[in-house]
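# Predicted model and sequence follow; I will ask about them next.
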Amino acid sequence: YRFVGTLSCGSIVAEADGNVRIILDGVRLTGKDGAPIRFYNKGQKVVTFAEEKENIVFYELSNGMYLALTAPRAEITEGAESELTLNGKGTGEINGKKERAIVCRSTLKIKTVELEIRSKTDAVTAMNVVIKNTSLVIDSTAGSAIIAERYGFLTKEGYVVISDSDVRAVSAFDAISATDLVYVTGSDSFLSICSGNGSSSVLYDEIYSRKGIVSDGCVCIEEGGVYIDSLDDSIKCSGETLLSGGFLTASTKKTAVNSVLTEIKGGRTEIARSSVGIKGCRLSLSDGSVKITSNENGINLSAINGNDSVCALVMKGGYVDVSTCGTC
């Protein structure tokens, strides 16, 4: 279905069980009493931004603007194969005037499109987020930029994948938060994050989390460039942080890489500003270069639950340069 022109105080609603594609061909769509674009039931749902056309979609009043897959919770916990895809060769602006800009109860894919997403709170929430070959700007003035979280008893969901994309995210709280995995790959990938007004902000409190990347599972930077300027930890990972290539630059008032396990296999890691450079239980280096500037500790490793046998610094190769006012 192809849409052109202007619609005020209205919505596009698709209630089909099956695949649906909506083409925005120079559209200005304003929702006031309901989400401007809504999808229901199972199937592949696609919003395509037409080539050489500018599209603006926003929710002016009430509780945010949603591009949503609202399948029943029971279907989601059983792994319903519903996806929402935003693609095309045009440009688009999605603006949640009051709350969230995009809500997807399944996997959200953003591909090939040039897109700006703005929100007063959390900008993008989905079960999974895949960003590929895309130029994306996300601005969340009072929330997180991207949240990927599993629903129900799903065990392998809640991931963010950025591949060969230019993503620039500004957020008041955690910029990217995932239940399972945050993965950056592709030599053309560029991820720039500023959370909590950055490491130079004079404001700080313990009430809100203002981290760059947060994962309850793993964080992997395989290729590309990642730049994180955060008020809180730059990377906070409950599992393993793997830096196998690419370039990571982190600036923070707290810990740059706070992960139970950190493995560096290549690339270049530069911690330009931190209280603690790398913190966790085990740090393993086999290749690549690491440069750390910190106020307190360069590398701080401690045992988990008193188990000293798993606490270790293992260096088989690479280069490490630590400059600190405290303990290297």
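Received the coordinates, thanks. Keep in mind that this is a model prediction, so the values were computed, not measured.

# longest single strand anywhere in this structure?
The strand of greatest length in the chain, counted in residues with DSSP state E as the criterion, is given as strand 20-31.

# Any regions of the protein where pLDDT drops low?
Along the chain, the parts satisfying pLDDT under 70 run over 32-34, 58-82, 97-99, 151-156, 203-206, 306-309.

# And the helices in it?
The residue ranges that make up the helices of the chain, judged by DSSP state H, are 73-77.

# Tell me which residues touch residue 92, please.
24, 49, 54, 55, 56, 57, 86, 113, 114, 115, 116 (C-beta atoms under 8 Å, 6 or more residues apart in numbering). C-beta coordinates here come from the backbone N, C-alpha and C atoms, glycine included.

# so who does residue 297 touch?
Taking C-beta under 8 Å, 6+ apart as the test, what residue 297 contacts is 275, 276, 277, 279, 324, 326, 327, 328.

# and the residue nearest to it when sequence neighbours are not counted, how many neighbours?
The shortest distance from residue 297 to any residue other than its chain neighbours is 4.7 Å, reached at residue 276 (C-beta to C-beta, 6 or more residues apart in numbering). Residues within reach of residue 276, counting by other C-beta atoms under 10 Å, total 24.

# For stretch 312-324, buried residues please.
Using 16 or more other C-beta atoms under 10 Å as the test for burial, stretch 312-324 gives 318, 320, 322, 324.

# Would you mind measuring the gap between the ends of it?
21 Å (C-alpha to C-alpha, to the nearest Å).

# Mind checking which of the contacts of residue 297 are buried?
Using 16+ other C-beta under 10 Å, the buried ones in the contacts of residue 297 are 275, 276, 277, 279, 324.

# okay if I get those as a markdown table plus distance to residue 252?
Formatted as a markdown table, the buried ones among the contacts of residue 297 follow (distance: C-beta to C-beta, whole Å):
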| residue | distance to residue 252 |
| --- | --- |
| 275 | 7 |
| 276 | 9 |
| 277 | 10 |
| 279 | 11 |
| 324 | 14 |
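
# Which pair of these spans the longest distance?
Between all members of the buried ones among the contacts of residue 297, the longest pairwise span (C-beta to C-beta) is found for 279 and 324 and amounts to 12.9 Å.

# quick one: buried residues of stretch 185-192?
Of the residues in stretch 185-192, those scored as buried under the neighbour-count criterion (16+ other C-beta under 10 Å) are 185, 186, 189, 190, 191, 192.

# for it, the distance to its chain's centre please.
13 Å (C-alpha atoms, centre = their mean, to the nearest Å).

# got it, and stretch 165-173?
Counting by C-alpha atoms, centre = their mean, stretch 165-173 comes out at 7 Å from the chain centroid.

# which residues sit against that stretch?
Applying C-beta under 8 Å, 6+ apart, the external contacts of stretch 165-173 come out as 123, 131-146, 175-176, 186, 188-196, 208-210.

# before we move on, back to that, which members of the buried residues of stretch 185-192 are positioned in strands?
In strands, judged by DSSP E, the following of these are found: 185, 190, 191, 192.
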